[in-house]
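Asker: here's my sequence, what's the structure:
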Amino acid sequence: MAIRLGEIVDALGGELEGDRAQSIERLAPLATAQRDAISFLSNPKYRKELAASKAGCVIVAPSMRESAAERGAFIVASDPYLYFARLTQLWRKTHARPDTALIHPSAVIDPDATIDPTARIGALCVVERGARIGADTVLKSRVTVSEDCIIGDRCLLHPGVVIGADGFGLAPHEGAWVKIEQLGAVRIGNDVEIGANTCIDRGALEDTVIEDGVKLDNLIQIGHNVRIGKHTAMAGCAAVAGSATIGAHCTIGGRAGVLGHLTIADHVHISSTSLVTRSIHKPGHYTGVFPIDDNAAWEKNAATLKQLHSLRERLKALEKMTMQDKKS
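Answerer: Numbers count the residues shown, from 1 in each chain. As a prediction, the model looks like this:
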């Protein structure tokens, strides 16, 4: 189903230069867009792609107005990337399929669970005793929400998500392990999105907490009693060990790890594959990645790193001797 350019700007704002009646059939990247598509340019370094694009309309920043005018219809927006994000939401809304049953017949829901009448529960989901699912929340297929866990409003849980499995709590005893029962739950706020096959463990005594607006990618592990602040986003395969606290408006790159019982301040950004081994109390961008190299060079550099402390001590001793020689 097509949408006209005039309908887009009426719904989302922006300044249209072009025919309001022009029809758009799809959304596409600049490089592959054709006359029936709309695209966007958010980074000026792709100016050449803009000139070469065959898109029927392009969303651009005010600074790109003249370049866009040379090739055809365009919409001027202060933040083209944000505008395009809202356009995808509009597109999904206008192209939505007719509603089916809100609760799939194969879902298993305990009688003591609470499901808001507007929530959608997908195929083969399990919602256990005492769990609560908020308004307009969507559970895709095979999502498990364990007992007493709470999901807020307008959340989206993708296939395979597990909320409230036991945390990894074990006490050593005579060469074996004794299970520590996980007596807490998981509390998830509003507007949270959780990617496929991500697991959030229930707390040992108190709850694991995911605050409003948090976005978690696929295959993420959140340990027991972790707390993640509002609007923090984490990329795929990241892992947070038990009892860590991550602040609001943070970003955690893919495959990054946070050790247990650490605290990360608000507005901290962790690069991908970094390992956080100490608490971070100041906002900023942090990286802890040993650069990739050919294996032979990497082994030599790694061996050198092991000697840095002794080399530093030898250097300090040499500097001390030099200073004494100068004084004498």
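Asker: which stretches of the stretch 151-300 of the chain form helices?
Answerer: Listed in chain order, the helices of the stretch 151-300 of the chain (DSSP state H, counting those that start in this stretch) span residues 295-306.
Asker: for it, give me the ranges with low pLDDT.
Answerer: The model of the stretch 151-300 of the chain has no residue with pLDDT under 70.
Asker: quick check: mean pLDDT of stretch 106-114?
Answerer: Stretch 106-114 shows a mean pLDDT of 98.
Asker: convert the C-alpha atoms of that stretch to CSV, please.
Answerer: Presented in CSV, the C-alpha positions along stretch 106-114 are these (Å, rounded to 0.1, in the frame of the first residue of the first chain):
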residue,chain,number,x,y,z
SER,A,106,-0.7,-22.3,21.9
ALA,A,107,0.4,-19.9,24.7
VAL,A,108,0.4,-21.3,28.2
ILE,A,109,-0.7,-18.7,30.8
ASP,A,110,-1.1,-19.5,34.5
PRO,A,111,-4.5,-18.6,35.9
ASP,A,112,-2.8,-16.5,38.5
ALA,A,113,-0.9,-14.4,36.0
THR,A,114,-2.2,-11.0,35.1
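Asker: I'd like the distance between the residue lying closest to residue 253 once chain neighbours are set aside and residue 97.
Answerer: Nearest non-adjacent residue to residue 253, counting by CB to CB, 6 or more residues apart in numbering: residue 272, 3.2 Å away. Just so you know, the C-beta spots here come from the backbone N, C-alpha and C atoms, and that holds for glycine as well. Using CB to CB, to the nearest Å, residue 272 is found at 36 Å from residue 97.
Asker: next one: residue 65
Answerer: Distance, residue 65 to residue 97, using CB to CB: 37 Å.
Asker: the more surrounded of these two?
Answerer: residue 65 (13 against 5; other CB atoms under 10 Å).
Asker: buried sites along the helix or strand encompassing that one?
Answerer: According to DSSP states H and E, residue 65 maps onto helix 65-69. Buried residues in helix 65-69, counted by 16 or more other CB atoms under 10 Å: 67, 68.
Asker: need the residues that contact it.
Answerer: Residues outside helix 65-69 that contact it (CB atoms under 8 Å, 6 or more residues apart in numbering) are 17, 41, 47, 50, 51, 58, 60, 74, 76.
Asker: list the contacts of the second one.
Answerer: If I follow you right, that is residue 41. Residues near residue 41 by CB under 8 Å, 6+ apart: 30, 47, 49, 50, 58, 59, 60, 61, 64, 68, 80.
Asker: pLDDT score for the closest residue to the second one other than its chain neighbours?
Answerer: Distance criterion CB to CB, 6+ apart; nearest residue to residue 47, sequence neighbours excluded, is residue 67 at 5.9 Å. Taken from the predicted model, the pLDDT recorded for residue 67 is 91.
Asker: mind checking how far residue 67 is from residue 49?
Answerer: Separation of residue 67 from residue 49 (CB to CB) stands at 11 Å.
Asker: for residue 282, same thing?
Answerer: For residue 282, the distance to residue 49 equals 38 Å [CB to CB].
Asker: compare those two (neighbour count), which wins?
Answerer: Using other CB under 10 Å, the more surrounded residue of residue 282 and residue 49 is residue 49, with 17 against 8.
Asker: did I read that right, the more buried one in a strand?
Answerer: No. Membership of residue 49 in a strand is not supported by DSSP: H, G, I helix; E, B strand; the rest coil, which gives helix.
Asker: buried stuff in whatever helix or strand residue 315 lives in?
Answerer: Assigning secondary structure by DSSP H and E places residue 315 in helix 308-327. By 16+ other CB under 10 Å, helix 308-327 has no buried positions at all.
Asker: so what's the gap between that helix and the chain middle?
Answerer: Centroid separation between helix 308-327 and its chain, computed with CA atoms, centre = their mean, to the nearest Å, is 48 Å.
Asker: helices or strands next to that helix in the packing?
Answerer: Applying 3 or more CB pairs under 8 Å, 6 or more residues apart in numbering; DSSP states H and E, one finds that helix 308-327 contacts no other helix or strand.
Asker: angle of it against helix 295-306?
Answerer: Inter-element angle recorded for helix 308-327 and helix 295-306: 60 degrees (by axes from the mean of the first three to the mean of the last three CA atoms, to 10 degrees).
Asker: among the contacts of helix 65-69, which one lies nearest to residue 258?
Answerer: Distance ranking of the contacts of helix 65-69 against residue 258, using CB to CB, places residue 41 first at 35.3 Å.
Asker: mind checking pLDDT for the closest one?
Answerer: pLDDT, read off for residue 41, is 94.
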